[in-house]
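Participant: Generate a structure from the sequence data that follows.
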Amino acid sequence: AFALVLLIATVTVGEWLPSGWRWLTMPGYLWLALMFYLFLTLLLLEVPVLAAWLATRRRQRVGRPATAPSTVPAIAVGVGGSGGGVDPPAFDPERDPGSPVAPEPESSHDPSRRLLLRRGAAITAGAVAVSLTGFGMSRAYRTPTIKRLDIPMARLARRADGLRLAVLADLHVGPLLGTGQVERMVELVNGLDADLVTVVGDVVTSEPGRVRESLLPLTRLRGRHGVFYVTGNHEYIAGHESWIEAATELDLRLLRNERVEIAHGGGVIDLAGVNDIMGAQYADPPDYKAALAGRDPSRPVVLMAHQPVAVHDAAPYGVDLQLSGHTHGGQVFPFHYLVGMQQPVVSGLGEVDGTPVYVTNGAGFWGPPVRVGADPDITLLTLRAAGA
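Facilitator: Model (predicted):
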């Protein structure tokens, strides 16, 4: 009960704590992850526990002697007027095969065996839940993996071959991810020496003003042709109007249903960005026509859209590559199965409606500081011209 109250307090008032006290929200979130894995493990262990119990019951039934039908021994009727007669024979169950056999009582070991199985399952589940939560926490706070991938692009001019894009998303700067982690991410991105830096949404979890100091390292992001950014769903939850102002202060070029020309090596590509689909709930929806229509069809376009599902609306405009985040790669196994029911690509490079979509796992986390099966990452994509 105390842990449940702690979780509720974490969600409701955690954002309002002073920056130096935000670590107090961690126990509540860790309890949530622990309970999830405890429940999942107990659910899975029900199968072998039930099988063991059924096997025990079956062995007991097979080993129990069969009960013969009850018979009444014949009584010889005496003769003679005095009522005397032959006494009935003495009852001897060992000699009389037709004698009734008393059923054996239920095994006294059966209840204790079931209790042992249940306790063993509970101990195992607890150990697995604690281990997975601890492992997941170490992965959530680890240095993001650098992924590198070449992307062939038919309309890319040979002179622009080798254009490099750094993809950063889902930092979720807030109570549990602060200045130190942001500085590390900035160093990693700058170390890639990318031509373009694309920040594909969900930079914050908290209202920007509450994490201003933690966001300041983003001003040091460097890309040869600039640092570009699009809104994610959490920017709208945290207050998109204040975040739009904050993005300008952080030197992030915000693409709001628009595109820019990027000249590189004598070639040109269009870089477009649309608002997150959640913007429709805040009178700030994505506008694919404004961002993608009326452009030069001879050159490729790269679209920044926070959620992969945006590709269904973007594909008709001939997008050559969509960059997305949002999914966290599922973040906590086995949630990637649920995410896959909503998003067409959960992690890595896929193709939807004929359009390549690259989805990063993101550099941070949301909710519990736990990642299992989906390590944080930052990606460097190199665009390759056909035949280069």
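
Participant: Show me where the stretch 251-388 of the chain has its helices.
Facilitator: Secondary structure of the stretch 251-388 of the chain (DSSP state H, counting those that start in this stretch): helices located at 288-292, 311-314, 335-340.

Participant: Could you give the separation of the last one from the chain centroid?
Facilitator: The one in question is helix 335-340. In this view, helix 335-340 has its centroid 7 Å away from the chain centroid, taken as CA atoms, centre = their mean, to the nearest Å.

Participant: Can you say which of the helices of the stretch 251-388 of the chain is nearest to Ala129?
Facilitator: helix 335-340 (15.6 Å; CB to CB). All C-beta spots, glycine's among them, are computed from the backbone N, C-alpha and C.

Participant: So which of the helices of the stretch 251-388 of the chain is nearest Thr198?
Facilitator: Between Thr198 and these, the shortest gap by CB to CB is with helix 288-292, which sits at 14.2 Å.

Participant: Just the residues contacting the closest one, thanks.
Facilitator: Helix 288-292 has contacts (CB atoms under 8 Å, 6 or more residues apart in numbering) with 255, 257-259, 272-274, 301, 303, 310, 313-314, 317-319.

Participant: Just the buried subset of those, please.
Facilitator: The neighbour-count test (16 or more other CB atoms under 10 Å) marks 255, 257, 259, 272-274, 301, 303, 310, 313-314, 317, 319 as buried among those.

Participant: Between those, which sits nearest Ala283?
Facilitator: Nearest to Ala283 among those, with distances taken as CB to CB, is Asn257, at 13.0 Å.

Participant: picking that back up, among the helices of the stretch 251-388 of the chain, which gets the worst mean confidence?
Facilitator: Among the helices of the stretch 251-388 of the chain, helix 335-340 has the lowest mean pLDDT, at a mean of 92.

Participant: mind listing what's buried in it?
Facilitator: So, applying 16+ other CB under 10 Å, buried residues of helix 335-340: 335-336, 339.

Participant: Now distance to Val130 too, for those, in CSV please.
Facilitator: Shown next, in CSV, are the buried residues of helix 335-340 (distance: CB to CB, whole Å):
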residue, distance to Val130
Phe335, 19
His336, 22
Val339, 25
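
Participant: still on that earlier bit, show me which pair in the contacts of helix 288-292 is furthest apart.
Facilitator: Farthest pair in those, by CB to CB: Leu255 and Gly318, 18.0 Å.

Participant: hmm, back to that, will you turn the helices of the stretch 251-388 of the chain into a markdown table that also has distance to Asn233?
Facilitator: Shown next, in a markdown table, are the helices of the stretch 251-388 of the chain (distance: least, CB to CB, whole Å):
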| stretch | distance to Asn233 |
| --- | --- |
| helix 288-292 | 17 |
| helix 311-314 | 16 |
| helix 335-340 | 13 |
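
Participant: do you know which of these lies nearest Gly174?
Facilitator: helix 335-340 (19.6 Å).

Participant: just to revisit the earlier point, export the buried ones among the contacts of helix 288-292 as CSV, with columns for distance to Gly136.
Facilitator: As requested, the buried ones among the contacts of helix 288-292 are exported to CSV (distance: CB to CB, whole Å):
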residue, distance to Gly136
Leu255, 33
Asn257, 37
Arg259, 38
Ala272, 35
Gly273, 32
Val274, 32
Val301, 37
Leu303, 32
Ala310, 29
Asp313, 34
Ala314, 33
Tyr317, 39
Val319, 34
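
Participant: Out of those, which comes closest to His326?
Facilitator: Ala310 (9.5 Å).

Participant: mind checking how far the closest one is from Ala122?
Facilitator: 45 Å (CB to CB, to the nearest Å).

Participant: how near is the residue nearest to Val301 when sequence neighbours are not counted to Thr360?
Facilitator: Spatial nearest neighbour of Val301, chain neighbours left out: Asp270 (4.1 Å); criterion: CB to CB, 6 or more residues apart in numbering. Distance, Asp270 to Thr360, using CB to CB: 21 Å.

Participant: Looking at those two, which is more packed in?
Facilitator: Neighbours were counted for Asp270 and for Thr360 using other CB atoms under 10 Å; Thr360 has more, 27 against 19.

Participant: show me what contacts the more buried one?
Facilitator: So Thr360 contacts 147, 167-170, 200, 323-325, 347, 377-379 (CB under 8 Å, 6+ apart).

Participant: ok, now how distant is the residue nearest to Val301 from Asn190?
Facilitator: From Asp270 over to Asn190 (counting by CB to CB), the distance is 25 Å.

Participant: Ok, Phe365 next?
Facilitator: For Phe365 relative to Asn190 (CB to CB), the value is 22 Å.
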